[in-house]
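Peer 1: starting from these lines, generate the structure:
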Amino acid sequence: MSIVRRGLCLVLAAPSGAGKSSLTRALLAAEPDLSLSVSVTTRVPRPGEQDGVHYHFRDQATFDAMVARGDFLEHAAVLGRHSYGTPRAQVEAALEAGRDVAFDIDWQGHRQLRAVLPGDVSGVFILPPSLAALEERLHGRGSETEAEITRRMGRARDEISHWAEFDHVVVNEVFDDALAELRAILQAARCATARQVGLAGFVAGMGA
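Peer 2: Residues are numbered from 1 along each chain as shown. Prediction:
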């Protein structure tokens, strides 16, 4: 007899260059019962991106109408250029069905999501081992100018200042260790008493 469980929202947030995207991909590959929330965005698709797979691509007018209807759990304008939002319906359906959803959003999105779904969010902030290591990783990409790296480092310091708002903090110094910690956090969240909504029935069925 299995225990009915409500799904959870696993939020992964980090400053740019901390390795969040790589860790998220590895976590999804290691945890087949975990899916990634597909955000709506107003930016144009990049080469190889597919609508409905990587993002739901919409124009700004459509996005604004979705905001007005309350279709998002959280939404924000990133760098003042493009808007991003988490669709409400598909996430709420997943939680009701006992499916877990990962979110690649920033601290502001985490704050909004926790306000809307206070009992369903487990937040993890991923830190680099040091600011020097973070800057080195940004340089290693070879795709950004010095001015862009300076701007990103300033934003990183602001993002890191919000670490205490999260339930867990993982330092991504050794990738495999960080991934193992994320998997442990996910499993612990799944086993939380409040999340296992079928426990009462399960225990009663034991005759206890």
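
Peer 1: low-scoring stretches of this structure, by residue?
Peer 2: Per-residue confidence for the chain (pLDDT under 70) gives these ranges: 1, 79, 208.

Peer 1: for the residue positioned nearest the centre of it, give me phi and psi.
Peer 2: The chain has Phe103 as the residue nearest its centroid, 2.2 Å off, counting by C-alpha atoms, centre = their mean. The phi and psi values for Phe103, taken as degrees, to the nearest 10, are phi -130, psi 130.

Peer 1: report the beta-bridge partners for it.
Peer 2: Val11 (DSSP bridges).

Peer 1: confirm for me that it is in contact with Val38.
Peer 2: No - under the contact definition of C-beta atoms under 8 Å, Phe103 does not touch Val38, with a separation of 10.4 Å. All C-beta spots, glycine's among them, are computed from the backbone N, C-alpha and C.

Peer 1: quick one: the strands in this structure?
Peer 2: With DSSP state E, the ranges of strands along the chain come out as 9-13, 34-36, 40-41, 56-57, 72-78, 82-87, 100-104, 121-127, 168-171.

Peer 1: so which of these is nearest Arg151?
Peer 2: Closest to Arg151 of those is strand 72-78 (C-beta to C-beta; 13.2 Å).

Peer 1: partners of that closest one, with directions?
Peer 2: Each strand pairing with strand 72-78, determined using DSSP bridges, is listed with its direction: strand 82-87 (antiparallel).

Peer 1: quick one, helices of this protein?
Peer 2: If DSSP state H is used as the criterion, the helices of the chain fall at 20-30, 60-69, 88-96, 107-116, 131-141, 146-160, 175-190, 199-206.

Peer 1: adding mean neighbour count, write those helices out as CSV.
Peer 2: Formatted as CSV, the helices of the chain follow (neighbours: other C-beta atoms under 10 Å):
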stretch, mean neighbour count
helix 20-30, 16
helix 60-69, 13
helix 88-96, 15
helix 107-116, 19
helix 131-141, 14
helix 146-160, 14
helix 175-190, 16
helix 199-206, 11
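
Peer 1: as JSON lines, these with distance to Val11 would be great.
Peer 2: Shown next, in JSON lines, are these (distance: least, C-beta to C-beta, whole Å):
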{"stretch": "helix 20-30", "distance to Val11": "11"}
{"stretch": "helix 60-69", "distance to Val11": "20"}
{"stretch": "helix 88-96", "distance to Val11": "12"}
{"stretch": "helix 107-116", "distance to Val11": "5"}
{"stretch": "helix 131-141", "distance to Val11": "20"}
{"stretch": "helix 146-160", "distance to Val11": "13"}
{"stretch": "helix 175-190", "distance to Val11": "11"}
{"stretch": "helix 199-206", "distance to Val11": "25"}
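
Peer 1: the ones you listed: which one's closest to Glu49?
Peer 2: Once C-beta to C-beta is applied to those, the stretch that comes out nearest is helix 20-30, at 13.8 Å.

Peer 1: just checking, what packs against the closest one?
Peer 2: Using 3 or more C-beta pairs under 8 Å, 6 or more residues apart in numbering; DSSP states H and E as the contact criterion, the secondary-structure elements in contact with helix 20-30 are strand 9-13, strand 34-36, strand 100-104, helix 175-190.
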